[in-house]
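1. give me coordinates for this.
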Amino acid sequence: PSVSPNLTWTVVGCDRFVRFPEEMNWHQGRALCQSHGLDLYRPCNLTAVAQYLDDNFRDTWYWLGAQGNGTHQVWFSGEVLISAEPWYSNYFQRVGTTYCLDVITHSGLYRKGTILAATSCSRRTNIDVLCG
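-> Numbering: from 1, shown residues only. From the prediction side, this is the model:
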């Protein structure tokens, strides 16, 4: 499908994405992105995107384009996320297929370099959607 023409794009350095402030689970978020000809987003600069979101919006969790495969969290491109990524606490250990990737932007966590979490894909509360 082609990309919907009237989307509001956000540009942060090398990143370009659409933010949907709608609380939904990961699968619903992915379907929403795909309905606009996009997919869940993979930032090229995670820290800059987290800082922008924290500075400009009240929402604190955003779905990203990766899911657990049983041994790792994996981007849609097939690249594996490793423990050296900017994980918040021990969330990188959640690698089952029922865990999906999100970025946490509240409490200035991006300043500490800890912004990624693997959260239950079915969680809806307080998680919005980034598409790109």
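2. which stretch of helix or strand covers His101?
-> Just to correct that, residue 101 is Leu rather than His. For Leu101, the enclosing helix or strand under DSSP states H and E is strand 99-104.
3. who does that strand touch, helix- and strand-wise?
-> For strand 99-104, the packing partners by 3 or more Cβ pairs under 8 Å, 6 or more residues apart in numbering; DSSP states H and E come out as helix 46-56, strand 61-68, strand 116-120. No exception for glycine: its C-beta is placed from N, CA and C like everyone else's.
4. so who does the closest residue to Thr97 other than its chain neighbours touch?
-> Of all residues beyond its chain neighbours, the one nearest Thr97 is Gly68 (5.3 Å), with distances taken as Cβ to Cβ, 6 or more residues apart in numbering. Applying Cβ atoms under 8 Å, 6 or more residues apart in numbering, one finds that Gly68 lies in contact with Val74, Arg94, Val95, Gly96, Thr97, Thr98, Tyr99, Cys100, Ala118.
5. what's around the last one, how many residues?
-> The local packing count at Ala118 equals 25, with neighbours defined by other Cβ atoms under 10 Å.
6. re the thing from before, which of the contacts of Gly68 lies at the shortest distance from Trp87?
-> Nearest to Trp87 among those, counting by Cβ to Cβ, is Ala118 at 8.4 Å.
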